[in-house]
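Build me a structure from this.
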Amino acid sequence: MFRDLDRQLPVLGGGVSRRGLLTAAGLLTVSGCSLGRRSKGDKPTRAVSHSLGTSTVPVSPERVVSLDSNGGLQVSLELGVPLVASETLQGGQPLPPYVPAPAAGFTALGFNQLNLEQLAGLRPDMIIGNIQRLKDNYAKLAGIAPTVAYENAGSGVGWQQSVRTIGDLLGARTEIDRRLAAYTERVAATSAKHRELLAKHSVALLRFTSNELRIVRGPIFGSSILADVGALRPASTDRSSPSATYVTLSEENVGVLADSDVLLYFVGGGGLVDKASSTFDKYTKGGLWQQLPAVRAGRVIELDPVAWWDGYSVSAAQTCLDQLDKALGSIS
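Below is the predicted model:
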């Protein structure tokens with residue numbers, strides 16, 4: 001009835017890019033290089049305009065702090081920038097296994113546990129984070145080190161666009177472009193390999209949370225991976241507004257998934273694996289779930305929530321493609 005993919009989470013890269021810096025709301029505009037404040041030893045700096053202000057940041061930062069446990073953390077690690085501290089994922093796995101481990105001396109700041117005194121003691125030369133995380137304390141953070149905010153996926157900004165912005169901010173535009181290009185090539189290869197199956201079978205992506213079952217859709221990272229490979233989504237996925245990121249299913253209306261030929265699911269995400277396990281048991285032991293065509297056909301496959309929900313990097317996207325390729329290959 002259920003299949004659990006072997007969890008092999010390689011460190012990979014990929015993706016395509018456009019020239020020019022992003023100027024969408026919340027993204028960055030680099031207005032040039034000049035010598036500025038906090039430029040020790042005449043190290044070059046550049047002015048970066050963003051939604052919270054304009055910051056003069058090092059061209060090649062040496063002590064980066066990320067107040068973003070998703071994009072900021074993951075992109076910094078996969079690019080190998082000198083990340084001295086970062087907020088980390090919630091739950092029992094603070095660092096994703098698909099990105100390189102941080103260098104010795106790295107300080108894990110926990111999840112949403114801002115401590116300004118601790119940050120100052122880390123002596124960063126740049127602080128990065130998403131707008132929602134930085135806006136309430138921006139002035140104080142900017143007093144510690146040049147601080148730049150960016151928009152995470154959502155509000156019309158896709159994860160690739162956001163990742164490219166973070167990479168450019170960290171002085172690694174060429175490398176992040178190379179990785180995004182490799183991801184795009186891999187998407188095309190995966191789509192071509194499974195073209196016939198993708199054309200005939202609709203695929204739903206499900207998340208079991210601490211209290212309910214959700215169909216994942218819209219700009220959410222995992223949903224965008226399915227969209228990239230051209231997966232056919234069932235009508236049940238579009239039961240809410242176009243901007244909605246999920247559709248909630250009660251135990252009584254789980255039958256709407258009858259239009260799904262394949263059910264890909266993960267349990268938890270965001271540190272909720274333990275709490276979500278009981279939700280999974282409650283739904284999947286019910287008679288309505290047992291009667292779903294995908295369940296009866298054995299086309300129900302578990303995915304890794306750390307990649308599909310907490311993922312926010314090219315490395316995470318490549319890991320999702322690994323798992324998706326294996327999942328599609330197992331379907332008859």
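
for the chain, what helix or strand is lowest in average pLDDT?
Lowest by mean pLDDT, DSSP states H and E among the helices and strands of the chain is strand 29-34, with a mean of 41.

packing partners for the next helix or strand after it?
On the C-terminal side of strand 29-34, the closest following helix or strand by DSSP states H and E is strand 45-50. With contacts taken as 3 or more C-beta pairs under 8 Å, 6 or more residues apart in numbering; DSSP states H and E, strand 45-50 sits against strand 29-34, strand 53-58, strand 147-150. In this view, the C-beta of every residue, glycine as well, is placed from N, C-alpha and C.

after the shortest one, next one along is what?
Moving toward the C-terminus from strand 147-150, the first helix or strand encountered (DSSP H and E) is helix 159-169.

Can you name the secondary structure element that comes next after that next one?
Immediately after helix 159-169, counting by DSSP H and E, sits helix 173-193.

got the angle for that next one vs helix 159-169?
Angle of helix 173-193 versus helix 159-169, following axes from the mean of the first three to the mean of the last three C-alpha atoms, to 10 degrees, is 160 degrees.

Which residues in helix 173-193 does the neighbour count mark as buried?
For helix 173-193, burial by neighbour count (16 or more other C-beta atoms under 10 Å) applies to 173, 175-184, 186-187, 190.

Output it as PDB, nothing but the C-alphas.
The C-alpha trace of helix 173-193 is given here as PDB (Å, rounded to 0.1, in the frame of the first residue of the first chain):
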ATOM      1  CA  ARG A 173      26.300  35.000  -8.800                       C
ATOM      2  CA  THR A 174      28.300  32.900 -11.300                       C
ATOM      3  CA  GLU A 175      28.200  29.800  -9.100                       C
ATOM      4  CA  ILE A 176      24.500  30.000  -8.300                       C
ATOM      5  CA  ASP A 177      23.700  30.600 -12.000                       C
ATOM      6  CA  ARG A 178      25.700  27.400 -12.800                       C
ATOM      7  CA  ARG A 179      23.800  25.400 -10.200                       C
ATOM      8  CA  LEU A 180      20.400  26.700 -11.400                       C
ATOM      9  CA  ALA A 181      21.300  25.800 -15.000                       C
ATOM     10  CA  ALA A 182      22.200  22.300 -14.000                       C
ATOM     11  CA  TYR A 183      18.900  22.000 -12.100                       C
ATOM     12  CA  THR A 184      17.000  23.100 -15.300                       C
ATOM     13  CA  GLU A 185      18.900  20.500 -17.300                       C
ATOM     14  CA  ARG A 186      18.100  17.800 -14.800                       C
ATOM     15  CA  VAL A 187      14.400  18.800 -14.800                       C
ATOM     16  CA  ALA A 188      14.300  18.400 -18.600                       C
ATOM     17  CA  ALA A 189      16.000  15.000 -18.400                       C
ATOM     18  CA  THR A 190      13.600  13.800 -15.700                       C
ATOM     19  CA  SER A 191      10.600  15.000 -17.600                       C
ATOM     20  CA  ALA A 192      11.700  13.300 -20.800                       C
ATOM     21  CA  LYS A 193      12.500  10.100 -19.000                       C
END
